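Peer 1: Structure of the sequence below:
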Amino acid sequence: MDIERLWKNAQEELKIVLAPAVFQTFVSKTQLIILKDSTATIACPNSYLADINQKRYYHLFKSALDNQTKTNNSISFIVQDLIKTETQNFSAPLLNFSPKSTYSPNLHPRYTLENFIVGNSNNFAFAAAQGIIKNPGSTYNPFFIWGGVGVGKTHLMQAIGHELLKNNSALKIKYFPAETFGNDLISALKSKNMNLFKDRYRQLDCILVDDIQFIAGKEYIQQEFFHTFNALHMSGRQVILTSDRKPSDIQNLEDRLVSRFMGGLTVDIQPPDYEMRCAIITQKAEIYGLKLQPPAVTFLAENIQSNIRDIEGNIQQIAIKAQSGRVGEIDLAFVQNYLNPLSSSGQNHFSSTNLTPRHIISLCAKHFDFKTSELCGKSRKKELVFARHLTAYLLLTEINLPLEEVGRLLGGRDHTSIMHARDKIHSDLAVNSSLRQLIDQIKRSF
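Peer 2: Okay, here's the model as predicted:
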């Protein structure tokens, strides 16, 4: 069986087990380009799809391919525009430095401004993006976006790229992860194509570089990126970078790069607050064709507090579950059972250690050297407020207490105060490793 036919059959298998929207988005545009010695290379249209397929659907791709080949295969996902034209030459490098693929923007079609939800956590970054779209290369250059995983950094960066192309389709724009820059550099060195490599990046009008922290500690890659950055920046071309931390906090990043990155505008994006999560859940539900009742949206927003990527993953799983069960409109009971299937009766499902609210409050009070009455009292001392916020966070995340119940236990506070406490701790967790260690320490005493 030829490789094209084999992959068509594998895709048909995947079509059966995946929701139509998921198959159409993540599988239909993939291509099996190499299958040799039980090692398969699958091409995806962009790095976003390659990353999602690797992290979420690897086992499904592998199962379908194994069934077709009757072999135990390993799989790697790569980006389409990095494929060498002559894929039959397996010893040749996969990177293609030909002019045809040089200026492919590599932008995800859904990462647009229209799909970008704006809230308190990202409104400053969004406003800065508008300025760049109006005056690329002059306003906020470079533009450095940092924040935790899944808060929308890549989405906003690529949305800027889409808008710049709308305004001027002749612009040469390229999105790429920092790791790709390093891999391209290594390939160019091996093939002695450094001039082509430099032209590929330094003739661009705008570069969108994701996860720039990954060049830290790599001396030669940092050196080459420094020269590429200077070539673009000094000629008035736009540079946009993302990272999981601000430039000065990236260890083993050369001082001259830190200085360049801090020379423009540096903004952070925090995890979404409650109102923003509601808007994101509603939007993602529409994308996957879900009809969520308002109480279901509220419940999901209160219980999925990590990041946008996590929200989308859960909505996608709910869509698959709803489709398999032929469920129409999604009500509160459905999402409660989805998030906590062992508690379909609606009662709180505590852990096997019989952890109780009073036990958590007592342990938190003891850890911070307060009396329980002080922790649940009216004092607004800074140390007490922090301890109270952390206690509320643990009551919500460890034993899934409702907001109103947590408020009642902590001195009769209203649910909006408890939401604020939870969101404050959650946003701090994204950038404060000592806070994560503190929470782990308290949890070990449970």
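Peer 1: Do a quick rundown of the strands in the stretch 201-350 of the chain.
Peer 2: 206-210, 238-243, 265-269, 291-292, 329-330 (DSSP state E, counting those that start in this stretch).
Peer 1: Check which helices and strands the second one is in contact with.
Peer 2: Looking back up the chat, that one is strand 238-243. strand 143-147, helix 153-167, strand 206-210, helix 219-234 (3 or more C-beta pairs under 8 Å, 6 or more residues apart in numbering; DSSP states H and E). For every residue, glycine as well, the C-beta is placed using N, CA and C.
Peer 1: got CSV for the ones you listed, with mean neighbour count too?
Peer 2: Shown next, in CSV, are the helices and strands packed on strand 238-243 (neighbours: other C-beta atoms under 10 Å):
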stretch, mean neighbour count
strand 143-147, 25
helix 153-167, 21
strand 206-210, 24
helix 219-234, 16
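Peer 1: Please name whichever of those is nearest to Ser379.
Peer 2: Of all these, strand 143-147 sits nearest to Ser379, with 32.6 Å by C-beta to C-beta.
Peer 1: Within the sheet, what are the partner strands of that closest one, with directions?
Peer 2: When pairs are called by DSSP bridges, strand 143-147 turns out to pair with strand 238-243 (parallel), strand 265-269 (parallel).
Peer 1: rewinding a little: closest one to Gln293 among the helices and strands packed on strand 238-243?
Peer 2: helix 153-167 (27.0 Å).
Peer 1: Just give me how far the closest one sits from the chain centre.
Peer 2: Here helix 153-167 is found 16 Å from its chain centre; the criterion is C-alpha atoms, centre = their mean, to the nearest Å.
Peer 1: quick one: the helices in the stretch 301-446 of the chain?
Peer 2: Ranges of helices in the stretch 301-446 of the chain, per DSSP state H, counting those that start in this stretch, are 308-324, 332-339, 357-367, 372-375, 382-398, 403-409, 415-429, 433-444.
Peer 1: Next, give phi and psi for the residue nearest the centre of the chain.
Peer 2: Geometric centre of the chain, nearest residue: Gly150, 2.7 Å, by C-alpha atoms, centre = their mean. Main-chain dihedrals, Gly150, degrees, to the nearest 10: phi 70, psi 30.
Peer 1: Could you pull up the residues touching it?
Peer 2: By C-beta atoms under 8 Å, 6 or more residues apart in numbering, Gly150 lies in contact with 306-310.
Peer 1: Retrieve the pLDDT associated with it.
Peer 2: If you check Gly150, the pLDDT there is 84.
Peer 1: ok, back up a step: just send the helices of the stretch 301-446 of the chain back as TSV, with distance to Phe176 and mean neighbour count too.
Peer 2: Below are these laid out as TSV (distance: least, C-beta to C-beta, whole Å; neighbours: other C-beta atoms under 10 Å):
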stretch	distance to Phe176	mean neighbour count
helix 308-324	20	19
helix 332-339	36	18
helix 357-367	45	17
helix 372-375	49	15
helix 382-398	36	20
helix 403-409	42	19
helix 415-429	29	20
helix 433-444	28	12
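Peer 1: mind checking which of those helices is nearest Gln222?
Peer 2: Nearest of the helices of the stretch 301-446 of the chain (C-beta to C-beta): helix 433-444, 23.9 Å.
Peer 1: Convert that closest one to PDB, retaining C-alpha atoms only.
Peer 2: What follows is helix 433-444, C-alpha atoms only, in PDB (Å, rounded to 0.1, in the frame of the first residue of the first chain):
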ATOM      1  CA  SER A 433       7.500  30.100  42.400                       C
ATOM      2  CA  SER A 434       7.800  30.700  46.200                       C
ATOM      3  CA  LEU A 435       4.000  30.900  46.400                       C
ATOM      4  CA  ARG A 436       3.700  27.500  44.700                       C
ATOM      5  CA  GLN A 437       6.200  26.100  47.200                       C
ATOM      6  CA  LEU A 438       4.200  27.600  50.100                       C
ATOM      7  CA  ILE A 439       0.900  26.000  48.800                       C
ATOM      8  CA  ASP A 440       2.600  22.600  48.300                       C
ATOM      9  CA  GLN A 441       4.000  22.800  51.900                       C
ATOM     10  CA  ILE A 442       0.600  23.500  53.300                       C
ATOM     11  CA  LYS A 443      -1.000  20.700  51.200                       C
ATOM     12  CA  ARG A 444       1.600  18.200  52.500                       C
END
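Peer 1: Give me the angle between it and helix 415-429.
Peer 2: Angle, helix 433-444 to helix 415-429, by axes from the mean of the first three to the mean of the last three C-alpha atoms, to 10 degrees: 120 degrees.
Peer 1: relative to helix 382-398, how tilted is helix 433-444?
Peer 2: Going by the same axes, to 10 degrees, helix 433-444 is angled at 60 degrees with respect to helix 382-398.
Peer 1: Quick check: mean pLDDT of helix 433-444?
Peer 2: Average pLDDT, helix 433-444: 83.
Peer 1: With stretch 127-146 instead?
Peer 2: On average, stretch 127-146 scores 93.
Peer 1: Flag every buried residue along that stretch.
Peer 2: Residues of stretch 127-146 classed as buried by neighbour count (16 or more other C-beta atoms under 10 Å): 128-129, 132-133, 136-137, 139-146.
Peer 1: coming back round to it: and the helices and strands packed on strand 238-243: which comes nearest Pro295?
Peer 2: It is, among the helices and strands packed on strand 238-243 and with distance given as C-beta to C-beta, helix 153-167, at 27.9 Å.
Peer 1: After the closest one, which helix or strand is next? Please name it.
Peer 2: Scanning forward in sequence from helix 153-167 by DSSP states H and E, the next helix or strand is strand 173-177.
Peer 1: Identify the residues contacting that following strand?
Peer 2: Under C-beta under 8 Å, 6+ apart, the answer for strand 173-177 is 47, 103-107, 157-158, 161, 164-165, 201, 204-211, 214.
Peer 1: Now do it against helix 153-167, angle only.
Peer 2: With the same axes, to 10 degrees applied, the angle from strand 173-177 to helix 153-167 works out at 170 degrees.
Peer 1: Sheet-wise, list the partners of strand 173-177 with their directions.
Peer 2: Counting by DSSP bridges, strand 173-177 is paired with strand 206-210 (parallel).
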